[in-house]
Each structure stands twice: as C-alpha cells, then as structure tokens.
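Chemist: A structural model of the following input is requested.
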Amino acid sequence: MNPQPPVIRMRTAPSNSGSAGALADFPGLNARIEAWRASIAETGWAPWIILAIAFFLRFFLLGIKPPHFDEGINGWFVDQMVKNGFYKYDPTNYHGPLHFYVLFLSQTLLGRNVWALRLPVVIVSCICVWLTLKFEPFVGRTVSRLAALAMAVSPAFVFYGRYSIHEVWMLFFSMLFLFGGFGLWKFGTRNYLWCMGMALAGMILSKETYTIHLICAAAAVGVCFISHKLSRLSDPAPAKQSWDYVDLAMVIVTGIGLIVFFYSGTFFHWTGLKGLYQAYSAWFATGSEGHGHEKPWYYWLQLMAPSFKFSRADCLGYELPALAGLILCLFSLRLKNVSLRYLSIYGVGTTIVYSYVNYKTPWCIISFIWPFLFTFGAAISLVPASYKKLTTNFCSVFLSISFVSTIWLNYFHCTTDTEPYVYVQTYNDIYKLTRPVLALAHRDPLFYQLTGHIIRTSAYPLPWILDDFPKVGYYEHNNSPNNLDGDFLLVQEDRIEEVEGKLHDSYYTEPLQIRPYQDSSKLYLSARIFKGFFPGRSPDFTGKAPTSPKP
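Modeler: Next comes the predicted model:
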C-alpha cells in the first residue's frame, strides 16, 4: 500500500471578490485606512498646505540669528538644572518651570546648540496653527482656515515662534483652554474636559500672566450672556454633559499632580511651591512700574497698525489681519455664532488688560491677538453680500502683506533693532567671539580648556554659549581675575584702559557690542591661539613686557 502524501493548503491567487488583498486579513486596519482616505477627501489639501507653510517659515534657517538675551538666560537655567539635578523655581523670574524642563530634554537629546534650544517652541508654534484648524466645528471651516493661514504667515507668530521663550506656551495653552470650553459647550464629552483641565495646568506651569487670561475668560462669559439678550445667538444652549464627577476628579488630581511635580523641582525643592503665590508681589510691582520696559497704552496698536514711515519696510504694518479682526469686533453683535462672539469679547478684554499694564515687551502680543484672527476669518459673514468679493480681496491683500513682512523680518532683518519686533536682540557682532572659539573647540576638544575673561556687566547669552568652557570667568563691576592675560577677553569700554595696562601678551582686537542699550566692548583674541583666523595680519595690541624678578 503506497502511503498518500499529506494534504496541504495551497496558496492560490485571490479571487476578484478579495480585491482588498492582504488588508482583508486586518479588517480593523482596513476600516481605519478607509476612514482616513474619506477624511482627507472631505477636507482637501488646504489644511496641509497651511501647515506646510507654517512649518517652512518656522524651521527654515532657524539658526540665522544669534541667541536672544532671554534665550541665553533660559539656556543658562537649563545648564544649572544639569548641575543641580532639578530646576529651582524662582518666583521673581515671572515664568513657570515647564519650559525649562522641556529645554532640558531637548538639549539632552540634541546637544547644546541653538537648534536644540529653539526646537521645542518651534514645534509648539506649528501645533498652534494645527489647533486653529481644529476650531472648525465651533467657528466653521472657512473661518478656521483663514485664521490658521493668518497665524501661519503672521510676522509675530513666526518671529516669536522661532524664539526659545515662554509666550508660545501661553499661546498654546490659552487656545487649548478655550478649545476645551467650546467643546464642552457644543458636545459635552470628557475629552474636552481633559483639554480644558490640562490647558489650565499648562498655563499655570508656563507664566504668571495666566491670571489675566482666566479673569478675562470668566468675564467674557458674562458679557457674552448680556450680548445674547441684545442680539440673540443662533446656538446659545449648551450640550448635555457626558462626563461625571469621577472624570472631573481625575482631571483635577492630574493637573494638581503636574503642578506639584514641576514647581517642587521634581520633589527636590518643595519650597518652590510657595512661588505659586509669592511671584505675584514682584509681578504686580513690575507690571505697574515697567522697570525699563514702559510703553504707552496704545503700544500694541502701534505694532499692528501701519507706521506710514516710508523710509522703512514696515510701513505697511505688521499685523493687518489681527488689526482688521480687532476692528471687526466692534460689530460682534452681528456674529450669531456663540464661539465667534465669545472670542471677539475675550480678545478685546485681554487686549485692554495688556494695554493697561505698563510693562510691555513685544513678544507678549502673540498671547492675546490670536482671537482676532478668527474674527478676521469671519469678515465675509459680517459684510453685506454685495461687498463679499471686495472683502475677499482685502483679506487676500492683508495675508499677502503679512507673508512678505514675515520674509522681510525673519530672514533679512531679524537682528535689525529698528524693527519693532527685534527687541533687546543680540547683534551678529557676537560671532566675532563665538565663531573662532567654537571652531577651535569643535576641531580639537582640548581647546575647551581655553582661558577666557568676560569683563563686563550683563554678558548674556555668552554664559550659555560658552558654558562648555570651564575656564571662562565672568567679572562685573570692579572684579577682575588675578592674571588678566587669557586666550580671549571681552572688556567693557570703561575698563579697557585699566585692563590693557595689565596685559603682557599679543592680541588681535575687534570692537564688539552684544546688544542695544548697552555699553560696547573690546574683544581680545590671543595672537598665539587665533593666528589661523587672521592670515597675514599682525597683532593689534601687545602688552608691556613682564618685569623680570629681582635676583
């Protein structure tokens, strides 16, 4: 009897009924992909183009300008975290701890460089544009896309979206807070409750100005209710809430846990929790007095409006879409959408408060003008039908001007201190020192042992840029090192005569000014160490020969 071969299953070509191929074996994945295809087909390519513009403008030539004064301080705080093991919250710093922990993670992964310092904020700035698009269920597709495009090309949102500062975090969390509030009003689901709760925690962890936004958000609810009595809204009734007290408790506990975790220095600095209230005594004093940053109440309008100084390129205005949105808030009673009317009221309220505060720095503008981008997007619905084409043309012109202004500012004049947004910005002069020093260190790590003396007040961002050089000292007021000769020196102009009288070596010298509103300095680079950077050039300064010791 011959044994029969075993019966096996043979793979055959799929029939026409199995055209889905291998994905038919994963019906869940197949259904998800089909849902994505349908979603992309429904939304079209406009949101992706807007996001692509936002990413390009924020990432392109990110390191084109040297670190700002505040960036240098923020980076220095991160360096102290590396040395101490945690961030020691200082209530007089007026900024929460979250930004520093994110920078710590970025620098740990990517190294100590400008890209690593700025990358987290750039990503968050792009997420803000994406979040603007997500407002579509509350304000409509056209409005959300116009607002997102205006934010994507705005000089302020791009310029400060490329800075490692806290304001972008406040922008993101304040947007997320209202996004969650609108979601609770319209849908009432627990995911919007989490958005609102985590946004509140994030605002507290970012900057003490969160109180302004919370007070204005609460006041806007009352004003919006009164406006409904004057001109009825089309969707005033809130949705039935599908979350319960357990969900609320979870959100509260998580938010408090995050606040305690970061303010306590990850449980290594418990006194940092006192800063949650101690910060306000100094903060109120600074806000009322100005401390060198006093501006008139109409300062924000000056930034948004045309300057009409035709000798300068900003004569067309920096934020024309936001300015148009602010003006349209005067007609907010014509807005029948509750979210749009609320945004207009909230935006005007925060602008009034920020205008009242004497202490004004231009980067704060992104914290409160973003609601006006939505009212700008709603312009077509506010004007009579006969003017819609004209309004569309005006919107296109304003967006084009913003785009051109963004290119002009961010890639051609990002360190030109006559530009209103370029504020206490480090000059390119600083490269006279940092480029040769860093080039030597990157070529041979032994050069990290160069001896440097920074003899001047307020040398930021140099303490962060040169923190990998352990033999660089910083001397303010009348302090000096025992031996003034070093591999490089940076000397404030009022101490040049004093220092040169005690030098003995030969140096190449250059004038150097770190930033505006500051005394200039003189740079000394050792002719012995840096001669390769000055081919054919003789030293500019040679000190007196040292006195021979008596026998």
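Chemist: And the strands in the chain?
Modeler: With strands called from DSSP state E, the chain shows them at 452-455, 472-475, 488-492, 506-512, 521-526, 541-542.
Chemist: any chance of those strands in a markdown table, plus mean neighbour count?
Modeler: To be clear about C-beta, it is placed using only N, CA and C from the backbone, and glycine gets the same treatment. Below are the strands of the chain laid out as a markdown table (neighbours: other CB atoms under 10 Å):
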| stretch | mean neighbour count |
| --- | --- |
| strand 452-455 | 23 |
| strand 472-475 | 19 |
| strand 488-492 | 24 |
| strand 506-512 | 18 |
| strand 521-526 | 24 |
| strand 541-542 | 14 |
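Chemist: Including mean pLDDT and distance to P67, could these go into TSV?
Modeler: What follows is the strands of the chain, written out as TSV (pLDDT from 0 to 100; distance: least, CB to CB, whole Å):
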stretch	mean pLDDT	distance to P67
strand 452-455	97	15
strand 472-475	96	16
strand 488-492	97	16
strand 506-512	97	15
strand 521-526	98	17
strand 541-542	96	28
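Chemist: out of those strands, which comes closest to G349?
Modeler: strand 472-475 (43.5 Å; CB to CB).
Chemist: Can you tell me what sits against that closest one?
Modeler: Contacts to strand 472-475, defined as CB atoms under 8 Å, 6 or more residues apart in numbering, come from residues 450-456, 459, 462-463, 466, 481.
Chemist: Just give me the residue closest to the centre of the protein.
Modeler: V168 (3.6 Å; CA atoms, centre = their mean).
Chemist: re the thing from before, reformat the strands of the chain as JSON lines; add distance to I33.
Modeler: Output for the strands of the chain, formatted as JSON lines (distance: least, CB to CB, whole Å):
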{"stretch": "strand 452-455", "distance to I33": "58"}
{"stretch": "strand 472-475", "distance to I33": "56"}
{"stretch": "strand 488-492", "distance to I33": "59"}
{"stretch": "strand 506-512", "distance to I33": "58"}
{"stretch": "strand 521-526", "distance to I33": "60"}
{"stretch": "strand 541-542", "distance to I33": "70"}
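Chemist: biggest separation within the contacts of strand 472-475, which pair?
Modeler: Using CB to CB, the pair of the contacts of strand 472-475 lying farthest apart is L450 and R456, separated by 18.1 Å.
Chemist: ok so, going back, looking at the strands of the chain, which is closest to L98?
Modeler: Short answer: strand 472-475, nearest of those by CB to CB, at 27.9 Å.
Chemist: In its sheet, which strands sit next to that closest one, and in what direction?
Modeler: Under the criterion DSSP bridges, strand 472-475 sits next to strand 452-455 (parallel) in its sheet.
Chemist: coming back round to it: now do the same contact list for the residue nearest to the centre of the chain.
Modeler: 121, 124-125, 128, 160-161, 366.
Chemist: mind checking pLDDT for it?
Modeler: For V168, the pLDDT comes out at 97.
Chemist: Kindly report the same for L276.
Modeler: What the model reports for L276 is a pLDDT of 87.
Chemist: Okay, the closest residue to it other than its chain neighbours and D79: tell me how far apart.
Modeler: Once flanking residues are discounted, L276 sits nearest to Y263: 6.3 Å by CB to CB, 6 or more residues apart in numbering. Distance of Y263 to D79, computed by CB to CB, to the nearest Å: 20 Å.
Chemist: What about S538, how many residues nearby?
Modeler: A count of nearby residues for S538, using other CB atoms under 10 Å, gives 10.
Chemist: Neighbours of the residue nearest to L276, how many?
Modeler: Residues contacting Y263 under the criterion other CB under 10 Å number 23.
Chemist: Hmm, it is touching Y89, no?
Modeler: Yes: at 5.6 Å, Y263 counts as touching Y89 under the criterion of CB atoms under 8 Å.
Chemist: which one of the contacts of strand 472-475 is nearest L273?
Modeler: Looking at the contacts of strand 472-475 and their distance to L273, the nearest is P463, at 28.0 Å (CB to CB).
Chemist: Can you name the residues that contact that closest one?
Modeler: 72, 76, 474.
Chemist: Kindly reformat those residues as TSV containing distance to L62.
Modeler: Below are those laid out as TSV (distance: CB to CB, whole Å):
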residue	distance to L62
G72	16
W76	20
Y474	28
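Chemist: Considering these, which is situated nearest to V424?
Modeler: For these, the residue nearest V424 by CB to CB is G72; the value is 10.8 Å.
Chemist: got a list of what that closest one touches?
Modeler: 426, 460-465.
Chemist: how about a cut-off of 10 Å?
Modeler: 66, 117, 164, 426, 430, 459-465, 467, 514 (CB atoms under 10 Å, 6 or more residues apart in numbering).
Chemist: What sits closest to it if chain neighbours are left out?
Modeler: When the adjacent residues along the chain are set aside, G72 lies closest to P461, with 2.2 Å between them (CB to CB, 6+ apart).
Chemist: my guess is the one you found contacts L433, does it?
Modeler: No: counting by CB atoms under 10 Å, P461 stays clear of L433, with 11.4 Å between them.
Chemist: shared neighbours of these two, which are they?
Modeler: In contact with both P461 and L433: I514, using CB under 10 Å, 6+ apart.
Chemist: distance of R118 from Y342?
Modeler: Per CB to CB, R118 is found 33 Å from Y342.
Chemist: Actually, S174.
Modeler: According to CB to CB, S174 stands 13 Å off from Y342.
Chemist: intersection of neighbour lists for Y263 and Y89?
Modeler: Common contact partners of Y263 and Y89 (CB under 10 Å, 6+ apart): 96-97, 269, 271-276.
Chemist: farthest-separated two in those?
Modeler: Taking CB to CB, no two of the shared contacts of Y263 and Y89 sit farther apart than G96 and T271, at 15.7 Å.
Chemist: biggest helix in the protein by residues?
Modeler: helix 388-412 (DSSP state H).
Chemist: Going by neighbour count, which residues in it are buried?
Modeler: Within helix 388-412, the residues scored as buried using 16 or more other CB atoms under 10 Å are 391, 395, 398-399, 401-403, 405-406, 408-410.
Chemist: Distance to C329 and pLDDT added to those residues, as CSV?
Modeler: Shown next, in CSV, are those (distance: CB to CB, whole Å; pLDDT from 0 to 100):
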residue, distance to C329, pLDDT
T391, 16, 91
C395, 16, 94
F398, 16, 95
L399, 19, 96
I401, 21, 93
S402, 19, 95
F403, 24, 96
S405, 22, 93
T406, 24, 95
W408, 28, 94
L409, 26, 94
N410, 28, 95
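Chemist: now, which of the residues you listed sits nearest F533?
Modeler: Using CB to CB, N410 comes nearest to F533 of these, at 29.3 Å.
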